[in-house]
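K.L.:
Coordinates for the following, if possible.
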Amino acid sequence: MLRNQMIVTHAYHFLCEILLVFLLMLPIFHHKYLMVPYWSYLLLAVGTCAVFTLMHTKKMSNMLYFGALPVLFITLYLLNYPVVFTIILPIIFVWRFVFIKKYQDIRKEKQYLLITCLLGAINIILINDPRYLIYVLALLLILFFGFMVSHYVSVHKNQRQM
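P.N.:
Modelled structure (predicted):
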């Protein structure tokens with residue numbers, strides 16, 4: 001796999017996984033905390049993905065990803081996330097990116113689609129708020145465009161026709 005293709009693949013897999021984490025936590029946010037941080041989580045996910053991908057392109061050590069933990073802790077705290085999520089989410093973010101980064105060829109798109117559909121169906125039953133569909137749609141779009149872009153960057157510039 002080419003380096004650019006690998007970077008794009010790692011980025012969109014990471015983004016899919018942390019959005020799936022949100023879909024898993026959604027019933028807890030909705031029923032226990034009576035608030036769902038739809039937009040702040042989406043911005044945090046995209047921002048974290050961008051920073052981690054930039055670090056990945058610079059071939060930085062895995063220890064620097066763990067150095068991002070305090071920044072993520074503080075950001076979540078300032079966004080008024082519950083303490084449990086302020087502690088757990090940054091750890092999940094770093095763990096998943098470091099784990100994904102190890103693989104040369106990840107092919108989990110089918111699993112992501114299945115889990116997205118399953119969590120979408122479960123959340124229809126548990127939550128009476130259609131805004132969560134933004135995440136389901138975002139996941140589907142990220143999977144589609146991430147797959148397309150990762151294959152587009154693998155094609156030699158002379159062979160690209162659009």
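
K.L.:
how about the strands in the chain?
P.N.:
Using DSSP state E, no strands are found in the chain.

K.L.:
Quick check: which ranges of it have low pLDDT?
P.N.:
Residue ranges of the chain with pLDDT under 70: 1, 156-162.

K.L.:
how does it look with 90?
P.N.:
Along the chain, the model assigns pLDDT under 90 to residues 1-6, 58-63, 102-107, 127-132, 134, 150-162.

K.L.:
can you pull out the helices in it?
P.N.:
3-31, 38-57, 62-67, 69-78, 83-101, 109-126, 133-152 (DSSP state H).

K.L.:
which helices and strands does the second one pack with?
P.N.:
Of the remaining helices and strands, those touching helix 38-57 by 3 or more C-beta pairs under 8 Å, 6 or more residues apart in numbering; DSSP states H and E are helix 3-31, helix 62-67, helix 69-78, helix 83-101, helix 133-152. Using the backbone N, CA and C atoms, a C-beta is placed for each residue, glycine as well.

K.L.:
Convert the C-alpha atoms of the second one to PDB, please.
P.N.:
This means helix 62-67. The C-alpha coordinates for helix 62-67 follow below in PDB (Å, rounded to 0.1, in the frame of the first residue of the first chain):
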ATOM      1  CA  ASN A  62       3.700   6.700  19.500                       C
ATOM      2  CA  MET A  63       4.600   8.400  22.800                       C
ATOM      3  CA  LEU A  64       3.700  11.800  21.300                       C
ATOM      4  CA  TYR A  65       0.100  10.500  20.800                       C
ATOM      5  CA  PHE A  66       0.000   9.800  24.500                       C
ATOM      6  CA  GLY A  67       1.200  13.300  25.100                       C
END
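
K.L.:
Quick one: distance of that helix to the chain centre.
P.N.:
Here helix 62-67 shows a centroid-to-chain-centroid distance of 18 Å under the convention C-alpha atoms, centre = their mean, to the nearest Å.

K.L.:
just to revisit the earlier point, out of the helices of the chain, deepest packed?
P.N.:
Highest mean neighbour count among the helices of the chain (mean count of other C-beta atoms under 10 Å): helix 3-31, with a mean of 20.

K.L.:
For that helix, enumerate the helices and strands it packs against.
P.N.:
helix 38-57, helix 83-101, helix 109-126, helix 133-152.
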